[in-house]
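A.B. asks: model the following, please.
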Amino acid sequence: MADVKDILGVPRGVAPALQQDAPKTKERMQRPAGMSREAFALLDGSHPIPPSHLAGDLNKKAALSGLKQKRKLSSKGLSTYQLRPFSNPARKDSLTLQHWVKCFKDAAGKLREADEVYPFAKFNKQLYIFKYDDDEWDNVLVKDPAWTREETDYLLELCELFDLRFLIIADRYACPKGVHRSMEDIKARYYAVARQLLVGREGTEDSVANNVLVKHPFNLTHERERKRGLEMSVNRTPQQEAEENTILEQAAQIQAARKAEQAQLQAQRKAAAPPPPAPTAATPAPARPLLAAPSAPLPEAATPAAIPDQAPSGQSSLFTVDVAPANSLKPGVYARGRHTQEVATAQLNRVTGGQRAQKLVDTTMSELGVPGPPAVPTRATCGAYLALRAEVIAMLEMRKTLQHRQAGEGGPGSDSRGRRAAKGKAPARYETEDIPAAKRPRTSKKFSDE
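C.D. replies: Below you'll find the model as predicted:
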């Protein structure tokens with residue numbers, strides 16, 4: 001029995017029913033050193049103590065000393081700031097000021113001065129101002145009666161002083177021996193002198209053709225008109241702006257009405273056109289619908305209407321692939337000859353049959369005496385050229401359709417035997433009556449008895 005208790009883990013000499021579990025004592029969590037009582041009261045089983053506070057026998061100072069890192073000393077030495085005088089090389093006067101400079105002290109206590117160059121002197125960027133000497137004034141520059149040399153020298157000095165800020169130059173311009181100058185006159189004079197000096201020093205204008213002063217010369221008249229228009233735009237009253245908006249809205253309505261009229265006119269044209277004849281179910285279709293009887297008169301060819309040189313009011317003077325007014329183009333300026341070539345290319349792209357069919361269209365046009373677009377691309381000539389190409393393409397398509405019909409029906413005057421031979425089929429047994437017996441194919445006895 002004792003062995004069984006040992007196996008089951010039951011103490012010997014005590015009955016299982018009378019055995020009671022000993023009360024478990026819950027270990028009380030101790031407040032770590034260095035943690036306040038309020039912070040410790042917030043902790044429970046779901047919030048364990050952070051590892052940083054688990055410093056058993058260490059005090060607070062010893063625990064925090066390991067979190068600090070010792071500052072690394074610079075190889076230049078201990079840094080210190082000293083008050084030193086300095087001068088700006090961008091200034092032409094001898095002005096001397098003082099500022100705090102970062103210096104370094106070595107182990108022996110000796111100060112090492114920092115760089116003497118003023119660090120902000122590199123930001124002093126100056127523009128290149130064109131200047132002339134006596135020889136260039138006499139031989140290169142074109143004399144302007146409205147400007148003397150004293151006024152021109154004074155202008156170049158102000159341009160150099162204020163870095164071509166013409167607003168400031170016009171405000172400060174007060175030549176003792178000159179007259180009042182506007183900013184446009186000042187700009188025109190400086191850029192004229194700069195352009196003449198640039199071309200004169202290089203020798204020819206072609207050598208400096210890509211320079212901005214030569215490629216885009218200053219236009220005094222355009223500048224004045226631009227500022228006048230800008231001033232008028234700024235000085236507009238609310239009533240004038242409302243009137244302009246009303247005019248723009250009316251123009252948009254007129255354009256929309258014109259588009260609606262064009263769409264209605266095209267719909268009326270389609271409705272007025274006779275519908276194509278459709279074969280009825282009761283009437284059987286003839287064997288060869290594309291071959292007319294010799295006595296049947298041929299329909300007269302429709303002569304296209306002449307295209308006027310001037311487009312009607314509200315219509316575009318260019319044409320589409322269908323030789324209709326291209327009213328859907330975006331507003332702008334178009335070269336008629338180039339647009340006609342693009343439309344002709346689009347017509348060719350609609351031809352079925354690949355490059356061979358497209359080449360056939362060009363060959364037919366050459367045979368008709370029109371190898372290419374018109375040399376003088378007027379509205380009438382371009383419209384007639386595109387209409388002729390459209391008719392040639394339609395003719396070739398009809399010819400191709402006729403050939404396919406004739407090939408499918410075996411051609412004129414052919415019977416069922418000819419059609420079967422054209423398709424590569426052998427003649428039937430009942431069609432061998434005219435063939436000699438020696439040349440007839442052999443048949444089995446079963447079929448011969450029949």
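
A.B. asks: for the stretch 101-250 of the chain, which segments count as strands?
C.D. replies: Along the stretch 101-250 of the chain, counting by DSSP state E, counting those that start in this stretch, strands occupy 111-112.

A.B. asks: would you confirm that residue 270 belongs to a helix?
C.D. replies: Yes. Counting by DSSP: H, G, I helix; E, B strand; the rest coil, residue 270 falls inside a helix.

A.B. asks: any stretches of the stretch 151-300 of the chain with poor pLDDT?
C.D. replies: 276-300 (pLDDT under 70).

A.B. asks: isn't residue 396 up against residue 359?
C.D. replies: No. Using C-beta atoms under 8 Å, residue 396 makes no contact with residue 359, being 11.1 Å away. For every residue, glycine as well, the C-beta is placed using N, CA and C.

A.B. asks: which one's more surrounded, the two?
C.D. replies: residue 396 (17 against 12; other C-beta atoms under 10 Å).

A.B. asks: helix, strand or coil for that one?
C.D. replies: helix.

A.B. asks: contact partners for it?
C.D. replies: Contact partners of residue 396, counting by C-beta atoms under 8 Å, 6 or more residues apart in numbering, are 351, 357, 360-361, 364.

A.B. asks: how about a cut-off of 7 Å?
C.D. replies: By C-beta atoms under 7 Å, 6 or more residues apart in numbering, the contact set of residue 396 is 357, 360-361, 364.

A.B. asks: if you rank those by neighbours, which is first?
C.D. replies: Going by other C-beta under 10 Å, residue 361 tops these with 19 neighbours.

A.B. asks: how near is the nearest residue to residue 116 once chain neighbours are set aside to residue 113?
C.D. replies: Excluding the flanking residues, the one nearest residue 116 by C-beta to C-beta, 6 or more residues apart in numbering is residue 86, at 7.9 Å. As judged by C-beta to C-beta, to the nearest Å, residue 86 and residue 113 stand 12 Å apart.

A.B. asks: who's more crowded, those two?
C.D. replies: Remark: of residue 86 and residue 113, residue 86 carries more neighbours, 16 against 10, as counted by other C-beta under 10 Å.

A.B. asks: circling back to that earlier point, got TSV for the contacts of residue 396, with pLDDT too?
C.D. replies: As requested, the contacts of residue 396 are arranged in TSV below (pLDDT from 0 to 100):
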residue	pLDDT
357	83
360	86
361	86
364	87
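
A.B. asks: next one: the most centrally placed residue in the chain from residue 318, what distance?
C.D. replies: Note on the chain: the residue nearest the mean C-alpha position is residue 330, at 18.3 Å, using C-alpha atoms, centre = their mean. Distance, residue 330 to residue 318, by C-beta to C-beta: 12 Å.

A.B. asks: could you do residue 244 as well?
C.D. replies: Applying C-beta to C-beta, the value for residue 244 to residue 318 is 30 Å.

A.B. asks: for residue 11, same thing?
C.D. replies: On the measure of C-beta to C-beta, residue 11 and residue 318 end up 113 Å apart.

A.B. asks: which one's more surrounded, these two?
C.D. replies: Neighbours were counted for residue 11 and for residue 318 using other C-beta under 10 Å; residue 318 has more, 18 against 10.

A.B. asks: was I right about that one contacting residue 339?
C.D. replies: Yes. Using C-beta atoms under 7 Å, residue 318 is in contact with residue 339, at 5.4 Å.

A.B. asks: what's near enough to touch the residue nearest to residue 116?
C.D. replies: Residue 86 touches 97, 99, 118, counting by C-beta under 7 Å, 6+ apart.

A.B. asks: pLDDT score for it?
C.D. replies: In this prediction, residue 86 carries a pLDDT score of 88.

A.B. asks: and the one 10 residues further on, by the same measure?
C.D. replies: At residue 96, the model reports a pLDDT of 91.

A.B. asks: and it, how many neighbours?
C.D. replies: Residues within reach of residue 96, counting by other C-beta under 10 Å, total 9.

A.B. asks: what do you get for residue 222?
C.D. replies: Neighbour tally, residue 222, other C-beta under 10 Å: 9.

A.B. asks: could I get the contacts of residue 396 in CSV, plus columns for secondary structure and distance to residue 372?
C.D. replies: Output for the contacts of residue 396, formatted as CSV (DSSP: H, G, I helix; E, B strand; the rest coil; distance: C-beta to C-beta, whole Å):
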residue, secondary structure, distance to residue 372
357, helix, 19
360, helix, 16
361, helix, 13
364, helix, 13
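
A.B. asks: list just the nearest of those residues to residue 158.
C.D. replies: Within the contacts of residue 396, the smallest distance to residue 158 is 70.5 Å, found for residue 361 (C-beta to C-beta).

A.B. asks: surely the closest one touches residue 393?
C.D. replies: Yes. At 5.9 Å, residue 361 counts as touching residue 393 under the criterion of C-beta under 7 Å.
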